[in-house]
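Build me a model:
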Amino acid sequence: MKQYSAISFFLVFMISLISLIGDSGCANIIPPQGGPRDSLPPLLVKVNPKDSALNFTGNKITFTFDEYVELQNVQQNLIITPIPQNIPVVESKLNSVTVKLKDSLESNTTYTISFGESIKDYTESNILKNLTYRFSTGQALDSLTLSGKIILAETGKPDTGMIVMLHKNGRDSALMNEKPRYITKLNRRGEFTFQNLPSATYYLYAINAEGGSYRYSGGNQLFAFADKPVTIKPQSDTITLYAYAEKEEEKKRSTGVPSLGAGRGRGANIATGADKRLKYQTSIKDGKQDLLENFSFKFETPIRSFDPSKIYFSTDTTYKAVSTPFNWILDSIKTKLELKTAWKENTLYNLVFETGFAEDTLGRRILKKDTLSFHTREKNSYGELKLNFKNIDQSKNPVLQFVQNGIVLFSSPLTTNQYSNSLFNPGEYELRILIDENKNGIWDPGDFFGKRKQPELVKPIDRKITVKSNWQNEFDITL
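Purely as a prediction, here's the structure:
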């Protein structure tokens, strides 16, 4: 028995030893963990030809870094000026980046290559920002600059995404048919700087370059222009451009709009494509009508016919006819129908519709008589508001704008140094002042082609106000 035990022990020992040796031979070597993470961008250690080279005649530039690098979004980041006709080839390999020029270079011209944020290290993706290389095909580098900023005319705030351009050709058609001579991008403050410019005269523009195109396409594309040609000189003035977009026509409503008859005052169901019912949205929120607003329908398709005699406007549960004067207003594109009246607070109103009260251009109407009922809000759900202005220039036709989430909710001309309202919707508001040149009460964009007219300007007020309900809210504002 002892003999078998000894043999068993020996076998177990040998198997364990072989297993241990095998595991040690296949083990992965794991480097020590911890230590600081590399947070530094790649460092340029060499460039051939050297930066600021003169009498440049080659077509290849090689940048060498202190670590392995890779490229990202080259087309969106790389800027070469003057703008080449053919896009250069940019490649990375190990710790170098190579730019191969495909155009013939102009004589006595200074070129700049800006990489933006297209170069990063391979291991930690640390970005080398705004690496710029310059060279001249002549005996000297151009060294003049032009600086400025872009302001969104409708909001008064700086833009950060537009491309600023210098054109040599001053014809309007050049904006749509030709590439600019020079371009540059904006920083986070909406500022721009052209560097290494020659002493010359250019036409200055800015556009929202969608898809990498540096041509103006109109529509809702942001655009800005200088009033006159800009001459580059040793001490050029800082220029401010005011960007605007042409007024966009109101888009067609999508399908899937609540339909009349789907619910009492809610209109919550979605009509199908085969539905013959007239479709609409109302201005009612949480079953309440705002005392300060008109009641409105917004239709999916323009209205072809409208008969106000087939709408009965009443109040209370007894459906008593409304004694207050009212009228219906259909907008110019016939997709919005408003009911204008002097609302009474905390009152039940009813709208009874006959089947033929309205028909859209697709021949859709409500299929049966229907009733829409809603209450108005109470006055104590609003706040009183008083604003006292200092240093306001009445000669510029100022219009006060109340803004939430970038949308102008309410505006009022300022004919005195004070604004007051006994009923104002509670909430937090940004304030702006519109310089209303044509006195129409709304902001108007510019008109470059033809009138060469700049957009109306809006000045943001550097403070917010909070209006509390059932409260006397008063603020002093210095402009």
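
C-alpha from now on. contacts and neighbour counts both.
Fine.

Quick one: the helices in the stretch 151-300 of the chain, in order.
For the stretch 151-300 of the chain, the helices defined by DSSP state H, counting those that start in this stretch occupy 174-177.

Read off the pLDDT value for the residue found closest to Gln76 once you drop the neighbours it is linked to in the chain.
Distance criterion CA to CA, 6 or more residues apart in numbering; nearest residue to Gln76, sequence neighbours excluded, is Gly212 at 7.0 Å. At Gly212, the model reports a pLDDT of 76.

Please apply the same query to Gly267.
Looking at Gly267, its pLDDT stands at 38.

ditto for Tyr280
Value listed for Tyr280 in the pLDDT field: 86.

what do you get for Ser104?
91.

How is it assigned, secondary-structure-wise?
Per DSSP: H, G, I helix; E, B strand; the rest coil, the local secondary structure of Ser104 is coil.

show me the contacts for it.
Applying CA atoms under 8 Å, 6 or more residues apart in numbering to Ser104 gives no contacts.

separation between it and Ile239?
The span separating Ser104 from Ile239 equals 33 Å under the rule CA to CA, to the nearest Å.

picking that back up, neighbours of the residue nearest to Gln76, just the number please.
The number of residues packed near Gly212 is 10, by other CA atoms under 10 Å.

before we move on, what about Asn388?
14.

again, but for Ile79
Residues within reach of Ile79, counting by other CA under 10 Å, total 20.

got a list of what the residue lying closest to it once chain neighbours are set aside touches?
Spatial nearest neighbour of Ile79, excluding adjacent residues (CA to CA, 6+ apart): Ser114 at 5.1 Å. Each residue near Ser114 by CA under 8 Å, 6+ apart is listed here: 77-80, 130-133.

Partner strands of whichever helix or strand Leu434 is part of, with direction?
Element membership for Leu434 (DSSP states H and E) is strand 427-435. Partners of strand 427-435 in the sheet, by DSSP bridges, are strand 398-404 (antiparallel), strand 458-467 (antiparallel).

so how far is the last one off the chain centroid?
Right, the one you point to is strand 458-467. 20 Å (CA atoms, centre = their mean, to the nearest Å).

neighbouring contacts of that strand?
Outside strand 458-467, the residues within contact range by CA under 8 Å, 6+ apart are 153-157, 383-385, 424-435, 473, 475, 479.

and the residues you listed, which are buried?
153-157, 383-385, 424-426, 429-435, 473 (16 or more other CA atoms under 10 Å).

Number of residues surrounding the residue lying closest to Asn59 once chain neighbours are set aside?
In this structure, Asn59 finds its nearest non-sequential neighbour in Leu101, 4.9 Å apart by CA to CA, 6+ apart. By other CA under 10 Å, 17 other residues sit near Leu101.

need the contact list for Leu101.
59-60, 87-89.

hmm, 10 Å instead?
58-61, 84, 86-90 (CA atoms under 10 Å, 6 or more residues apart in numbering).

do Thr341 as well
291-295, 322, 324-328.

repeat for Lys379
290-291, 344-346, 422-425, 469-470.

Next: Ala209.
161-164, 215-217, 221-223.

go on, Tyr382?
290-292, 422-427, 467-472.

related to what we said a few turns ago, among the contacts of Ser114, name the ones in strands.
79-80, 132-133 (DSSP state E).

Could you dump these into CSV with distance to Thr301 and pLDDT added?
As requested, these are exported to CSV (distance: CA to CA, whole Å; pLDDT from 0 to 100):
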residue, distance to Thr301, pLDDT
Ile79, 46, 95
Ile80, 49, 96
Thr132, 54, 97
Tyr133, 56, 98
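
filter the residues you listed to the buried ones?
Members of the ones in strands among the contacts of Ser114 classed as buried by 16+ other CA under 10 Å are 79-80, 133.

now the contacts of Ser114 as CSV including distance to Asn108?
Conversion of these to CSV gives the following (distance: CA to CA, whole Å):
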residue, distance to Asn108
Asn77, 26
Leu78, 23
Ile79, 20
Ile80, 16
Asn130, 25
Leu131, 23
Thr132, 20
Tyr133, 17
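
Of the residues you listed, just say which sits nearest to Ile333.
Nearest to Ile333 among these: Asn77, at 42.6 Å, using CA to CA.

wait, that closest one sits on Thr132?
No. Look at Asn77 against Thr132 with CA atoms under 10 Å: they stay out of range, at 11.7 Å.

any shared contact partners between these two?
114-116.

dump the residue contacts of Glu359.
Counted by CA under 10 Å, 6+ apart, Glu359 has contacts 277-278, 301-307, 365-366.

How about Asp159?
149-153, 186-191, 208, 242-243.

Distance check, it against Thr231.
Applying CA to CA to Asp159 and Thr231 gives a distance of 24 Å.

Leaving out the residues flanking it, which one is nearest to Ile392?
Leaving aside its sequence neighbours, Ile392 sits nearest to Leu479 (CA to CA, 6+ apart; 6.4 Å).

what's near enough to touch Pro408?
That one is not Pro; residue 408 is Val. Val408 sits in contact with 155, 400-402, 429-432, where contact means CA under 10 Å, 6+ apart.

Count the residues that sit near the closest residue in space to Gly138 that isn't next to it in sequence.
Leaving aside its chain neighbours, Gly138 sits nearest to Asn108 (3.9 Å; criterion: CA to CA, 6+ apart). Applying other CA under 10 Å, we find 16 other residues in the vicinity of Asn108.

part of a strand, is Asn108?
No. Read with three-state DSSP, Asn108 is coil and lies in no strand.

For it, give me its contacts.
Asn108 neighbours (CA under 10 Å, 6+ apart): 54-56, 136-142.

quick one: which of those residues is most hemmed in?
That'd be Ser136 among the contacts of Asn108, by other CA under 10 Å, with 24 neighbours.

Was I right to think that one contacts Pro49?
No. With contacts counted by CA under 10 Å, Ser136 stays clear of Pro49, the gap being 11.3 Å.

shared neighbours, these two?
Residues touching both Ser136 and Pro49 (CA under 10 Å, 6+ apart) are Phe56.
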